[in-house]
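Enquirer: attaching a predicted model along with its sequence, questions to come.
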Amino acid sequence: MFVCPLGLCKLSAIRYQLSGISYQVSGIRYQVSGIRYQLSGISYQRSDIRY
């Protein structure tokens, strides 16, 4: 453990939290895009069955 001024520690903690939130948002976006790809694949399968 290293000792640092409280202000710097708080700033670094806030930065870590913000980076974590951004990673979560990007993960949610990836999940949404994956769901969209799955839905488009299902629609393609249905069109294949129709034809």
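Expert: Sure thing, it's come through. Please read these numbers as outputs of a predicted model, since none were measured by experiment.
Enquirer: what about Ser43, neighbour count?
Expert: 10 (other Cβ atoms under 10 Å). Placement of C-beta: from N, CA and C, glycine included.
Enquirer: check contacts around it.
Expert: Contacts for Ser43 were tallied using Cβ atoms under 8 Å, 6 or more residues apart in numbering; there are none.
Enquirer: let me know the secondary structure of the spatially most central residue of the chain.
Expert: Closest residue to the average C-alpha location of the chain: Gly27 at 1.6 Å, with Cα atoms, centre = their mean. Applying DSSP: H, G, I helix; E, B strand; the rest coil to Gly27 yields a three-state assignment of helix.
Enquirer: distance of it relative to Arg15?
Expert: Distance from Gly27 to Arg15, counting by Cβ to Cβ, to the nearest Å: 19 Å.
Enquirer: repeat for Arg46
Expert: 47 Å.
Enquirer: do the same with Ser26
Expert: Here the criterion is Cβ to Cβ. By it, Ser26 lies 16 Å from Arg15.
Enquirer: equivalent analysis for Tyr30, please.
Expert: For Tyr30 relative to Arg15 (Cβ to Cβ), the value is 23 Å.
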